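*Asks:* sequence and predicted structure are below.
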Amino acid sequence: MHIKAVTEKPAQYPERFPLDPTKVEWNTQCIDYKPTEYTSDIVINQYNVHGDKGWADPQDVSKVANKITSFISEIQFDSFQRPVNPMGRTGICGRGLLGKWGPNFAGDPIVTRVNALSQKVELVVIKRGDCLQWALPGGMVDKGEDPVDAIARELKEETHADLNFKAKDILYQGYVDDRRNTDNAWMETTVAHKHLSYEESLAVKLKADDDAVDVKWQEVDEKLLNSLYASHKKFVEIALTKLKLENKV
């Protein structure tokens, strides 16, 4: 659950400090650890222009108005009073492209069906515009928004699929092994799953929009799972286990 955040990065990030896998955890001594400080100008300018009405925190963490909380555990802070990534070192400090100090909350929908012809499980996936990787639809939870509502909104914005999700559909809440993560800012998500009958799925007209450059139903196999963005492979595997337990596949 903490591999891509150590080994991958967006193009605009500086190189991550090289970490031996045994030195990732904070409770393991790493006396030569010197991560580069990086927060994108996009993030800094967002707060400078919009203040607390925007999606970014102030650069001075002491001026963050709301208490920083996490799905994972109680937040720990470094000597500069910046929140510390609970999964360990990433090789970069600051916020990178993430707006919030600490957790940045997202919502991810999993929509599945069984193809009537092949009898294989298929999944709605998008191709992300920022990195061209296949991924679950989804995006950031707006301030004050219920994560379940954000999941439905993001699905509609990126795929034009208009589906409702409920609290009972939630599969996972927690850390995301995201290439944007840093020592002081990271992704956490709420994942919800809706399984459609094949007939129901035919009424869903998919069209890529917003941050997605492509969208489709794709058979779930190892090739797809291993190509998915961030922790999305893990989330889909949880959904598949649920379908098997419910005898739907």
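*Replies:* Ah, there it is.
*Asks:* which secondary structure state is assigned to the residue of the chain most remote from its centre?
*Replies:* In the chain, residue 117 marks the outermost C-alpha relative to the chain mean, sitting 32.5 Å out by Cα atoms, centre = their mean. Here residue 117 is recorded as coil under DSSP: H, G, I helix; E, B strand; the rest coil.
*Asks:* how about it, phi and psi?
*Replies:* Note on residue 117: backbone dihedrals following degrees, to the nearest 10 are phi -90, psi -50.
*Asks:* the one 4 residues further on too?
*Replies:* Here the main-chain torsion angles of residue 121 (degrees, to the nearest 10) amount to phi -70, psi 130.
*Asks:* separation between the residue farthest from the centre of the chain and residue 219?
*Replies:* 11 Å (Cβ to Cβ, to the nearest Å). All C-beta atoms are positioned from the backbone trio N, CA, C, and that covers glycine.
*Asks:* just the element for the residue lying closest to residue 22 once chain neighbours are set aside, please.
*Replies:* Leaving aside its chain neighbours, residue 22 sits nearest to residue 28 (6.4 Å; criterion: Cβ to Cβ, 6 or more residues apart in numbering). Under the criterion of DSSP states H and E, residue 28 resides outside all helices and strands.
*Asks:* give me the mean pLDDT for the strand ranked longest in the chain.
*Replies:* The longest strand of the chain (DSSP state E) is strand 102-114. Model confidence over strand 102-114, given as mean pLDDT, is 97.
*Asks:* start and end of stretch 90-108, how far apart?
*Replies:* 23 Å (Cα to Cα, to the nearest Å).
*Asks:* oops, could you answer that again for stretch 83-101 instead?
*Replies:* 7 Å.
*Asks:* list the buried ones in that stretch?
*Replies:* Neighbour-count burial for stretch 83-101 flags 83-101 (criterion: 16 or more other Cβ atoms under 10 Å).
*Asks:* what's the burial count for the residue nearest to residue 22?
*Replies:* The number of residues packed near residue 28 is 11, by other Cβ atoms under 10 Å.
*Asks:* repeat for residue 66
*Replies:* 9.
*Asks:* in a strand, it, correct?
*Replies:* No - going by three-state DSSP, the assignment for residue 66 is coil, not a strand.
*Asks:* now do the same contact list for residue 82.
*Replies:* Residue 82 is in contact with 61, 93, 101, 183, 184, counting by Cβ atoms under 8 Å, 6 or more residues apart in numbering.
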